[in-house]
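Chemist: Show me how the following folds:
(chains A and B)
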Amino acid sequence: MSTFKDSEGYKIIENWMAKDGNEPFSFQYKTWQRYSNKYSGLVIAPTGFGKTFSVFLAVVIDYLNHPNQYKKGLKLVWVSPLRSLAKDLAKAMSEAVESIGLDWTVEVRNGDTPQKDRRRQERLMPDVLLTTPETMHLLFSQKKNSRWFKSLKCVAVDEWHELLGSKRGVLTELVIARLLALSPNLRIWGITATIGNLEQAKTVLIPYPEIKTTTIRAKEKKKIDIISILPDEVEVLPWAGHLGKNMASKIVPVILENSTTLIFTNTRNQSELWYQIILEEAPDLAGQIAIHHGSIDKVSRNWIEENISAGNLKAVVCTSSLDLGVDFKPVDCVIQIGSPKGIARFMQRAGRSGHSPYERSKIYFVPTHSLQLIEASAIKEAVKTNEIESREPMVLTYDILVQFLVTLAVGEGFNAEKTFSLLSKVHAFHYMTKADFNWAIQFITQGGNTLKAYEEFHKVILDEDGLYKVKSRRISMLHRMNIGVIVSDAMLMVKFISGGYIGMIEEYFISKLKPGMSFILGGRVLEMIQVKDMSVLVKRSKSKNAITPSWMGGRLPLTSYLSHFLRLKLNDALKPGSREKELKFLHPLLSRQETTSHIPKADEFLVELIETKDGFHLFMYPFEGRLVHEVIAALVAYRLGKIMPLTFTIAMNDYGFELLSDQAIPLDESNIKNILSREHLMEDVTASINAAEMASRKFRDIAVIAGLVVQSQPGTRKNNKSLQSSSGLIFRVLDENEPDNLLLKQAYTEVFNQQLEEVRMQAAFKRIENSKIIIKRAKSFTPLSFPIKVDRLRSTISNEDIGKRIARIQQQVFKLD
Amino acid sequence: MHIVTKNIICNQETFTLTNQRALYWESEDALVLSDLHVGKSAHFRKHGIPIPDNVLIKDLERLKALIAFFKPKTILIVGDLFHAEFNTDVAHFKIWLQQFPNINFELIIGNHDRLSVALYKDLNITIHRPKKRIKKTSFVHDNVKSNENEFIISGHTHPGVIIKGKGKQFIKLPCYQVSSNQLILPAFSLFTGLNTKNSPKESVNYAFTSQGIYKI
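Modeler: Residues are numbered from 1 along each chain as shown, chains lettered A, B, ... in the order given. All right, here's what the predicted structure looks like:
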């Protein structure tokens, strides 16, 4: 038997690469070799080293070696998380295939694919299909879909680290399970960047014991330069967003120095703001700078992406919409504005520049308030030690189970026994019991009532041939519109009254505008004229007073890894090392914190009590990220409430939280240990949080995914008005009437796992218990407390009687009747 | 169920507000409510969205308790008695109605009430379109224009109110919205959302909970 190195397929590829003076990286060669030995596996490689071609060419080589084992039709399904990835990948693959001399067709299919191309693909599938997890599920909902996948040889999942840990990861697991069922000799390959739990990432992708798997790690490493941009002077009371104008004058030279710069912001709102700020600072850049985010029209986004590739743009302000993917060759510089929130995310963004192998990635960090410079310092430390977060896969997502079963029923119909055995091999449903599965079947066939079947409920029907099917065309249509797990707020299309589409905007934002008011979208100032048929009609405006829409979401918490490094940095903040220019720069702020209050050392826990005309403020600084702070704040409020009934409002950021009350807070050195005690921790947490309220928020996505809430489709005239309801309303109705509904249970589980992060909570309280607690009383806000105070996201927690509460608010605000 | 009442005087008439989403007009011996949306949960089920039928049962239990409390001669529904098509919920309602042969049910036709006129006849419900007037008070479903000479009672908007307090606290509650020439009723059905925008000019909100009624 000849070795792989001598095989004809490998020789062809080797020669093809040599023509351009290239030779394979060792991880590419290894992938090809393992693939030809019928392995499945995971490839771990940084961007810019040809990770795409590791798996893609493996399939090509195998085909060249054994052409007679391949039939007409689909050979490779390439699943990637982002649509924008697919187009450029398809181009690169097509070019490769052509110059190798293969007659393969490579095509893209996703939400942007025109109707006529889809119909053509359905008649004859290409050899390679680049697609998204959602589009695969949509294909599964088509009649007679299994014929397309019978000849499939390989499914590749690109950027697996991005999918793992989200519900889209579960969708992907299901795609693989069904493809494997249709084509039993399928090879499964994942491509991922480095994350903390690579072994688990592989098991989740390929949980099948009968499949041989391997892990291939590229030795090549991306070098990253991290440069902090310092403001002219330190503000001792840092305020989010306050630094904008000042920093623009420092960003522009960076843009001019480099050929193409990607400017990352954390929210769409910020990207709109910074686009305006930069243009104001450097009007000459008009036409050479663009804005890219999820609410921008697809055509504009494509145009921007093409022009980045062609090197026609100096800079693009963007959000996570450009986090991944396509190798924009001209990009040689990245700017991160605001906290990067996590180490993996920061490194990923840095990797968007300097794409050629061995080129260095260059990333500038621009703080939006000066305290964030400590994060820059923490990130550098983390990158140096190569500590990267894990992505925890989701399990027992009943909403996706329900959606998937209906998808199968809309498509070819499904057999209950076979589907249960398929699902129980998938990682996400590994622990699902038969009873849970039966509940799901009952939910989609009878409406979930355990006592009786509703006579009008005919969503899924058990047909005479023993298969569960959807018969109603209208239900099939509603379901297809609803496939996927990305739940957005109700969005409206924004159009010029003269014609021309600009982008999407949340209904919630528009509802606050009156005709004649101006707002900013896609970098343009627009005047609202009217709202009609789910569209907002606008015209250009010269108004100086425009509002920037605030899109919901995008408020990621700091990861525990990063917060760990943050605490360490703060510890030696007052005596920085000679190379830590961020900490040196922050010295005035830090010393003010030290004189007016205190800087917590690594073994200390800081509590601040401040009294102002707003009321009585309590600040605590666990540095555990926004979500965990929300829970600790509620817990502290609950324990204080046992001393004396009080109503608080809560504010938090990634560093700490605030409890604000209109009455004095009964907290001092004598009882602080009890308030922060680890005893009865989870009991008190459960009692303190409004679990129902939190679950109701989590239920929003679950309700949409499971098809309980019909999402209105932007731009369509038919908005299913008589079926409109809110997830909050359905949550309440189910909570009162069907408390054993598994979707409700899932909402509570998601609260405990994600929101309460029980493991992280326990660790945090253990740390606090072992810390020296320092209580400081201040006359005014301190540098640490000020940014929390100005945070607008507030929620209320109360243990007072509701009637009393209304009465007291009334006493303050209104005259009592 | 705890029924809390509060009398208010509008345009020289006394109305009794309750915390159970209906008002009682003593001088006419009438219970007035709006937006019962019978058939909504079955309509959802028919389209593959499983909403429990307890929703309707509980709404009707509450209505029955109010009837037992006030013993009205007339029940006046100011629109949206039905949500959509004739379905099992409507059939259930039909049977439920039979226990009150001596009460006059009257309906102002609302935008959702699209069932055939024959059905109302069958159910023995008197219908009015677009309004019914008693003395100086008119009942309509959706009050679009106000008239100087009459006091208008309507529904349709499912009014709610956000109570804001110091320290950015807030509570969201259903309410009655009352001004000098009109009163908007909260939606009777619990399977309805709350609309906290567009309250009429110079109106007073009477919000309520299971324990009380609060003027805001």
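Chemist: And the contacts of stretch A:568-575?
Modeler: A:374, A:377-378, A:381, A:583, A:586-587, A:590-591, A:594, A:599-602, A:623 (Cβ atoms under 8 Å, 6 or more residues apart in numbering or on different chains). Every residue, glycine included, has its C-beta placed from N, CA and C.
Chemist: 6 Å - rerun?
Modeler: A:374, A:377, A:378, A:583, A:590, A:599, A:601, A:602 (Cβ atoms under 6 Å, 6 or more residues apart in numbering or on different chains).
Chemist: ditto for stretch B:65-79
Modeler: Contacts for stretch B:65-79 (Cβ under 6 Å, 6+ apart): B:1, B:3, B:20, B:22, B:24, B:29-34, B:103-108, B:110, B:139, B:141, B:154-155.
Chemist: What spatial separation is found between the residue nearest to residue A:94 when sequence neighbours are not counted and residue A:86?
Modeler: Using Cβ to Cβ, 6 or more residues apart in numbering or on different chains and skipping residues adjacent in sequence, the residue nearest residue A:94 is residue A:106, 4.6 Å away. Applying Cβ to Cβ, to the nearest Å, the value for residue A:106 to residue A:86 is 10 Å.
Chemist: more neighbours, those two?
Modeler: residue A:86 (26 against 23; other Cβ atoms under 10 Å in any protein chain shown).
Chemist: Can you tell me the element the more buried one falls in?
Modeler: Here residue A:86 sits within helix A:83-100, counting by DSSP states H and E.
Chemist: which outside residues touch that helix?
Modeler: Against helix A:83-100 from outside (Cβ under 6 Å, 6+ apart): A:16, A:56, A:104, A:106, A:108, A:110, A:112, A:130, A:305, A:325, A:326.
Chemist: quick one: the helices in the stretch 451-600 of chain A?
Modeler: A:473-482, A:507-510, A:560-571, A:581-585, A:587-596 (DSSP state H, counting those that start in this stretch).
Chemist: what do you get for chain B?
Modeler: B:40-46, B:54-70, B:88-97, B:117-123 (DSSP state H).
Chemist: tell me the most buried of the ones you listed?
Modeler: Mean neighbour count (mean count of other Cβ atoms under 10 Å in any protein chain shown) peaks for helix B:40-46 among the helices of chain B, with a mean of 26.
Chemist: Where is the longest strand in chain B?
Modeler: strand B:169-178 (DSSP state E).
Chemist: Strand partners (parallel or antiparallel) of it?
Modeler: strand B:160-165 (antiparallel), strand B:182-184 (antiparallel), strand B:204-208 (antiparallel) (DSSP bridges).
Chemist: if you average pLDDT over the first one, what comes out?
Modeler: Read it as strand B:160-165. Averaged over strand B:160-165, pLDDT sits at 80.
Chemist: Next: stretch B:88-96.
Modeler: Mean predicted confidence for stretch B:88-96 is 93.
Chemist: swap in stretch B:57-73?
Modeler: Rounded mean pLDDT across stretch B:57-73 is 95.
Chemist: pull the CA atoms of that stretch into CSV?
Modeler: What follows is stretch B:57-73, C-alpha atoms only, in CSV (Å, rounded to 0.1, in the frame of the first residue of the first chain):
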residue,chain,number,x,y,z
ILE,B,57,-62.0,29.8,32.5
LYS,B,58,-60.4,32.1,34.9
ASP,B,59,-61.6,35.2,33.2
LEU,B,60,-65.2,33.9,33.3
GLU,B,61,-64.8,32.8,37.0
ARG,B,62,-63.9,36.4,37.8
LEU,B,63,-66.8,37.7,35.8
LYS,B,64,-69.1,35.3,37.7
ALA,B,65,-67.8,36.5,41.0
LEU,B,66,-68.5,40.1,40.0
ILE,B,67,-72.0,39.2,39.0
ALA,B,68,-72.6,37.6,42.3
PHE,B,69,-71.2,40.6,44.1
PHE,B,70,-73.2,43.4,42.3
LYS,B,71,-76.2,41.3,41.0
PRO,B,72,-76.5,43.6,38.0
LYS,B,73,-79.5,43.7,35.7
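Chemist: so what's the closest residue to chain B within the stretch 301-450 of chain A up against?
Modeler: The stretch 301-450 of chain A approaches chain B most closely through residue A:447 (3.4 Å), counting by Cβ to the nearest Cβ. Residues counted as contacts of residue A:447 (Cβ under 6 Å, 6+ apart) are A:454, A:457, B:45, B:50.
Chemist: Make sure the third one is actually in contact with residue A:457.
Modeler: Yes - the pair residue B:45 and residue A:457 qualifies as a contact (Cβ atoms under 6 Å) at a distance of 4.4 Å.
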